[in-house]
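Chemist: build me a model:
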Amino acid sequence: MTDLRAPMRKTFNLNIEGKNRDRVLEATKHEIRKYVKRQRRVPLPEGVDFWDFDCKFGTSADNAATIHFAELTEKIDAVVQAGGETFYLELLAKDGVRSSKPADMKAAEAAAAAAAAAEDGDDEEDEEEADKA
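Modeler: Alright, predicted model coming up:
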C-alpha cells in the first residue's frame, strides 16, 4: 500500500520562456491548492479531526524555513514582489486534533457577546424612543 500522505517537495520556476509570469504564478498557486484539496480528501484516521500541513518555504531547498500554512500565499507574493525567479515549497500533511479553548477564554468571549447583544438592544430602544417623539 502506498503512503496517502505523500509530501510535495518542489522548486517552482516563475520565469518560463514564452509564458507570461502572472499566468505561471496562477498555475503554481493552482497546483498547490490542488495538492491540498487532494490531501484533504484522504480519509481521516481514528481520533483525528482534520488534516493540517507542515510547510517549509524558501528561495531554495537549502534556506527553506518552517512557516504556518496560512502564511504560504503571503510568502509566495513576497517572492514575486521582490522579483524572485524561483521558490522552494515543501508541504506534508499531518494529523490535526482540535483543542478546546481554556475556560477563561470562553468566559471572556461570552461576556463580549453579551455586551454586544446588550449594546444592540439599547440602540433599538433609543431609535424607538426617537421615532415616538
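
Chemist: all contacts plus neighbour counts: C-alpha atoms, from now on.
Modeler: Noted.

Chemist: does the spatially most central residue of the chain count as helix, strand or coil?
Modeler: Geometric centre of the chain, nearest residue: Ala70, 2.9 Å, by Cα atoms, centre = their mean. At Ala70 the chain is in helix, as set by DSSP: H, G, I helix; E, B strand; the rest coil.

Chemist: ok, it to Cys55 distance?
Modeler: 10 Å (Cα to Cα, to the nearest Å).

Chemist: how far is the helix or strand Thr66 falls within from where the chain is centred?
Modeler: Following DSSP states H and E, one finds Thr66 within strand 65-67. Distance, stretch centre to chain centre, for strand 65-67: 14 Å (Cα atoms, centre = their mean, to the nearest Å).

Chemist: counting contacts, what elements does that strand pack onto?
Modeler: Judged by 3 or more Cα pairs under 8 Å, 6 or more residues apart in numbering; DSSP states H and E, the packing partners of strand 65-67 are strand 50-58.
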